[in-house]
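In: I need the structure of the sequence given here:
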Amino acid sequence: MNHFLDIHKTDPVALRGIIDMAADMKAARQGRSRGAPDDERALEGQMVALIFEKPSTRTRVSFDVGVRQMGGQTMLLSGTDMQLGHGETIADTARVLSRYVDLIMIRTFDESVLIEMSEYADVPVINGLTDRTHPCQIMADIQTFEEHRGPIKGKKVVWSGDGNNVCASFLHAAGQFGFDLTFTGPAQLDPEEEFIGLARKAGSAIKIERDPHKAVEGADLVVTDTWVSMHDSQSAKERRHNMLRPYQVNEALMASAKPDALFMHCLPAHREEEATSAVMDGPNSVVFDEAENRLHAQKAVMRWCLGL
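Out: Predicted coordinates for the structure are as follows:
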């Protein structure tokens, strides 16, 4: 049984296989090749529980559509439906769900909920997002980069802004896929030292550069994310905007990177805040390819988890 909890917890050979499978399934669906065999029936007879303690658009739609495209069925469960840990324990919930479904995807707040679910479930568990990491997004990002620029190994990725959960999974991916990453942002929002250490131990060059223009010099990929959470107070939002304004990805910043550097944002975006519309809609932006590839990457993750 294969859980997909975090990129650094998954074997690099398996990660490469997932990316290749995702590319094959996307090509097959677009009619360019036969792709992986029996794609449309891969999950026939399988039931997938999709648990959303934390609201979502892309994660919910992409997982639901992905299961249906492969012939499976989904059961959507919200935080209000389940109240994880506020009645029945997470461990008991995992045990019960395992009697009903073949796979569990959970999008939650506290990483401990994901870990406990995986420890007690008798079926594979997928991390759809926690406050600490977002591995499915980064698998889609790797797929997107390689579609446009070839292998990501040895490339320079720059993260501009808040060292959040998406940035954390990029650090995990740097070590597993063999690329370098530079973080540029305020010191108060640096990524976790643990994750920086993991990537460096795996052989990736991880740097912190406060000057965003210096940071993006020679970059093959520039990535950012929203500056604020829906749960932040108005005063917290204002403080974060003041801290992060120098790290906005705009045309001037992209001009300091390689001419063919790609731009990514996992969406939803607050245009003219963390990134300008000129960049998001510009020739180097692949944000909508990135959004589409959540579907293909997650289909491949589900098949890997189920050994299909």
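In: Tell me which stretches of this structure form strands.
Out: 47-52, 73-78, 103-107, 125-129, 156-160, 180-184, 206-208, 221-224, 262-265 (DSSP state E).
In: Where do the helices of this protein begin and end?
Out: Ranges of helices within the chain are 12-29, 58-69, 79-82, 90-100, 111-120, 135-149, 165-177, 193-201, 212-215, 234-244, 251-255, 277-280, 287-306, based on DSSP state H.
In: on that earlier part again, any chance of JSON lines for the strands of the chain, columns mean neighbour count?
Out: For the C-beta atoms, the positions are set from N, CA and C on the backbone; glycine is no exception. JSON lines is the format used below for these (neighbours: other C-beta atoms under 10 Å):
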{"stretch": "strand 47-52", "mean neighbour count": "22"}
{"stretch": "strand 73-78", "mean neighbour count": "16"}
{"stretch": "strand 103-107", "mean neighbour count": "26"}
{"stretch": "strand 125-129", "mean neighbour count": "26"}
{"stretch": "strand 156-160", "mean neighbour count": "25"}
{"stretch": "strand 180-184", "mean neighbour count": "23"}
{"stretch": "strand 206-208", "mean neighbour count": "16"}
{"stretch": "strand 221-224", "mean neighbour count": "28"}
{"stretch": "strand 262-265", "mean neighbour count": "25"}
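In: For Glu238, which of the ones you listed is the nearest?
Out: Among the strands of the chain, strand 221-224 comes nearest to Glu238, with 19.1 Å by C-beta to C-beta.
In: hang on, the earlier thing: need the strands of the chain in TSV with mean pLDDT and distance to Arg16, can you?
Out: Below are the strands of the chain laid out as TSV (pLDDT from 0 to 100; distance: least, C-beta to C-beta, whole Å):
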stretch	mean pLDDT	distance to Arg16
strand 47-52	97	24
strand 73-78	94	28
strand 103-107	97	22
strand 125-129	98	18
strand 156-160	98	17
strand 180-184	98	18
strand 206-208	98	21
strand 221-224	98	18
strand 262-265	98	20
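In: Adding distance to Glu251, write the ones you listed out as CSV.
Out: Below are the strands of the chain laid out as CSV (distance: least, C-beta to C-beta, whole Å):
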stretch, distance to Glu251
strand 47-52, 36
strand 73-78, 40
strand 103-107, 34
strand 125-129, 30
strand 156-160, 14
strand 180-184, 17
strand 206-208, 24
strand 221-224, 12
strand 262-265, 11
